[in-house]
Structure formats: structure tokens, C-alpha cells
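Q: Here's a sequence, model it:
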Amino acid sequence: MLRIVGLGPGDPDLLTLGSREALRAVGRAATVLAPPDLVLFLESEGIAIVRGLITDQPLFVRGSSEVIDGFVERLDGADLALGILGNPLSDFAGLPILLRALERRGIAAEIVPGMPRA
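A: So this is what the prediction gives:
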């Protein structure tokens, strides 16, 4: 399962309780364009950050099917959280493409909204 989690505007103090709990429940996450302070905070919360799954983060967010398909192909079957800055429902243009790619591979997805980007 891929849990797509909103990271809010990137400030650890503005991470919603729901997002924090969702990330902790999975225990490992790939982050997209997350500021270093936020990544360090997540690691301090016991969340293992998985690097290298997304080859081009700006293109991933904008919805490049090539980059998104590559990400989905690299998923190893273990549960993973995907941390997206802002709210994935409004700040992630690639969300529909990602959901279709996951569906083609039979991977379940869950979306946990976050605060929108400023």
C-alpha cells in the first residue's frame, strides 16, 4: 500500500496530527521536495526516509508520467508513505497519474490530506 501524505507547507510545527500519525504508522517514507529540516524531523520521529525512488522530484510533482511510472515500478511491495508538500489533493498535479499507475500495478493507495502550501 502507498499512503500519500500531505506534509503541509514544510514546517515540522505545521504538520497535521493526521499526517504525523499516518507517517508513523507506516514507518518509512519517500518525500518529495521536502525541506531538510522537515526530513530531519521525520527521521527523529522514527520514520525511515527512503531515498532514490523518485528520479526527478519537480517533474514528479508536475505529473510526468515517465517519472511517476518509474517510481511505481521501483516500489518493492512493502508499505510506504509518500510525503508531498502541501495537501496532495490540491498541491500535487501528478496525483491522478500516480493513482492510475498504482491501479495498473494493483497497488492500493490511501490519501491523507495536509495543510495546503502557503
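
Q: Once you drop chain neighbours, what's closest to the spatially most central residue of the chain?
A: In the chain, the residue lying closest to the centroid (Cα atoms, centre = their mean) is Leu82, at 2.0 Å. Nearest non-adjacent residue to Leu82, counting by Cβ to Cβ, 6 or more residues apart in numbering: Ile4, 4.9 Å away. The way it works is simple: take the backbone N, C-alpha and C, and place the C-beta from them, glycine included.

Q: Now do the contacts for Leu89.
A: With contact taken as Cβ atoms under 8 Å, 6 or more residues apart in numbering, Leu89 is in contact with 6, 95, 111, 113.

Q: And for Glu110?
A: With Cβ under 8 Å, 6+ apart, Glu110 has these contacts: 1-4, 22.

Q: Could you rerun that using 6 Å?
A: Arg3 (Cβ atoms under 6 Å, 6 or more residues apart in numbering).

Q: do you know how far it is from Val26?
A: Noted for Glu110: a distance of 10 Å to Val26, by Cβ to Cβ, to the nearest Å.

Q: With Arg104 instead?
A: Using Cβ to Cβ, Arg104 is found at 22 Å from Val26.

Q: Check the burial of the residue nearest to Leu82 by counting its neighbours.
A: 24 (other Cβ atoms under 10 Å).

Q: Just want to know which of Arg104 and Val26 has more residues nearby.
A: Using other Cβ under 10 Å as the criterion, Arg104 and Val26 rank with Val26 on top: 19 against 10.

Q: Secondary structure element holding the residue nearest to that one when sequence neighbours are not counted?
A: Leaving aside its sequence neighbours, Val26 sits nearest to Ala81 (Cβ to Cβ, 6+ apart; 4.2 Å). Per DSSP states H and E, Ala81 falls inside strand 80-84.
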